[in-house]
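*Asks:* output the structure for:
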Amino acid sequence: MSRSFESFIRWKSRNAATVVRVWLFFVSYAPLFLIIGLRAWPNRVAAAIWVGAWGLFTTLAWFALRRQRHLTDREVKIYDVQSQGSAVSSYLATYLLPFVSTTPAVWGDWVAYGVFFVVALVVYVRSDLALVNPTLYVLGYRVTEATMGANRVLVISRRALRSGESVRVTDFLDASVVRD
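*Replies:* Model prediction:
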C-alpha cells in the first residue's frame, strides 16, 4: 500500500465518528427545523425549506436506526441501567428557548443564531451529547446508559431496559442499539 493511501485510511477512521456526530447534531435539531418552518409560514419558500430539512433529517435518522436491524448483532448482559431522559429535557431547553421566543427579523438576528448554532455544534460533537437526541425520542427510541462487561455505554432501545437483562445489540457510534 502506498504511504498516502495509508494516511487517508488513518484520517478516515479518525474522522468518521466526527462526521457521524455532526450528522446526529443536525438530526437532533430536526424538531427545531419544523418549528422554524411553521413560524416562517407567511414566507412559503422559507417555510418549505425549513420543513423540508425537518423531513430530511427525521427520515435519515429513521433509516439509520432501521438499518441496524440488518447488521450483525451479539448478545450481552447489561447492568446498572440509567435513563438519559433528564439530559434530553435539558438539551431541549437549551436549544429551543433561543429560537422559539422570537423570529429573526434582520440579518444580525440570523448571524447571532448562526453563532449559537456553531457553538452548539462544537459542544455537541466534542461531548457526550451525540446520542442525547430529541429526534430519537420522537421516533420511539429511548437512550439509557448501562454497563456492558467492563464498559459504560449508551444504549438505544424501543423499550425500557432492566439491570441484569440479556439483550441483542449492534454497534452504532459509541453506543449499542438493542434489536427489539
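
*Asks:* give me the below-cutoff pLDDT ranges for the chain.
*Replies:* Residue ranges of the chain with pLDDT under 70: 1-3, 5, 8-17, 95-100, 103.

*Asks:* phi, psi for the residue nearest to residue 180 when sequence neighbours are not counted please.
*Replies:* Across the structure, with Cβ to Cβ, 6 or more residues apart in numbering as the measure, the residue nearest residue 180 apart from its sequence neighbours is residue 158 (4.6 Å). In this view, the C-beta of every residue, glycine as well, is placed from N, C-alpha and C. Backbone torsions of residue 158, given as degrees, to the nearest 10, read phi -90, psi -10.

*Asks:* can you get me a residue count around residue 158?
*Replies:* Here the number of neighbours of residue 158 (other Cβ atoms under 10 Å) works out to 13.

*Asks:* which ones are touching it?
*Replies:* Shown in contact with residue 158 (Cβ atoms under 8 Å, 6 or more residues apart in numbering): 140, 141, 142, 178, 180.

*Asks:* residue 120 versus that one, what's the distance?
*Replies:* Per Cβ to Cβ, to the nearest Å, residue 158 is found 27 Å from residue 120.

*Asks:* list the contacts of stretch 69-81.
*Replies:* Residues external to stretch 69-81 that are found in contact with it (Cβ under 8 Å, 6+ apart): 144-149, 155, 161-171, 176, 179.

*Asks:* in the chain, which residue is closest to the centre?
*Replies:* Averaging the C-alpha coordinates of the chain gives a centre point, and the residue nearest to it by Cα atoms, centre = their mean is residue 24 (3.5 Å).

*Asks:* check contacts around that residue.
*Replies:* Neighbours of residue 24 in contact, by Cβ under 8 Å, 6+ apart: 124, 130, 131, 133, 173.

*Asks:* what separates residue 69 from residue 81, distance-wise?
*Replies:* Distance, residue 69 to residue 81, by Cβ to Cβ: 22 Å.

*Asks:* neighbour count: those two, which is higher?
*Replies:* residue 81 (17 against 11).
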